[in-house]
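Okay, predicted coordinates and the sequence, questions at the end:
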Amino acid sequence: MTLLSVPDMSCGHCKTSVEAALAPIAGMSPISVDLAARQVTVAGPAAEAIKVLATIGFPASALE
């Protein structure tokens with residue numbers, strides 16, 4: 001599992017947008033969004049998830 005920090009994610013709409021952007025990518029599921037912590041957990045590789053999130057306006061970084 002890959003844990004990402006997504007600091008600009010702040011509301012329910014943001015959460016929905018993040019889930020919708022990551023869901024169609026093979027190997028990303030399961031996807032778990034923790035809005036309060038502004039973190040996303042995905043099964044896929046961090047680099048791919050970060051790239052996708054950047055395209056929808058949510059800069060992200062991998063957490064160890």
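Great, that's in hand.

only C-alpha atoms for contact and neighbour calcs from this point on.
Fine.

quick one, helices of this protein?
Per DSSP state H, the chain carries helices over the ranges 12-22, 46-55.

most centrally placed residue in the protein?
Residue closest to the average C-alpha location in the chain (CA atoms, centre = their mean): Val40, at 4.5 Å.

Please name the nearest non-neighbouring residue to that one.
Val33 (4.5 Å; CA to CA, 6 or more residues apart in numbering).

Enumerate every residue touching the one you found.
For Val33, the contact set (CA atoms under 8 Å, 6 or more residues apart in numbering) comprises 15, 19, 39-41.

Next, format these as JSON lines and append pLDDT.
Formatted as JSON lines, the contacts of Val33 follow (pLDDT from 0 to 100):
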{"residue": "Lys15", "pLDDT": "96"}
{"residue": "Glu19", "pLDDT": "96"}
{"residue": "Gln39", "pLDDT": "98"}
{"residue": "Val40", "pLDDT": "98"}
{"residue": "Thr41", "pLDDT": "97"}
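
Please identify which of those is nearest to Met28.
Using CA to CA, Thr41 comes nearest to Met28 of the contacts of Val33, at 9.1 Å.

The closest one bridge partners, please.
Note on Thr41: beta-bridge partners Leu3, Ser32, judged by DSSP bridges.

I'd say Ser61 and Pro7 touch.
No. Assessed by CA atoms under 8 Å, Ser61 is found out of contact with Pro7, at 9.0 Å.

So those two - more neighbours on which side?
Ranked by neighbour count (other CA atoms under 10 Å), Ser61 and Pro7 place Ser61 first, with 18 against 14.

Let me see the contact set for the more buried one.
Ser61 makes contact with 4-6, 46, 50, according to CA under 8 Å, 6+ apart.

ditto for Pro30
The contact partners of Pro30, taken as CA under 8 Å, 6+ apart, are 41-43.

Adding distance to Met28, write the residues you listed out as CSV.
Supplementary listing: these in CSV, determined by distance: CA to CA, whole Å:
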residue, distance to Met28
Thr41, 9
Val42, 5
Ala43, 5
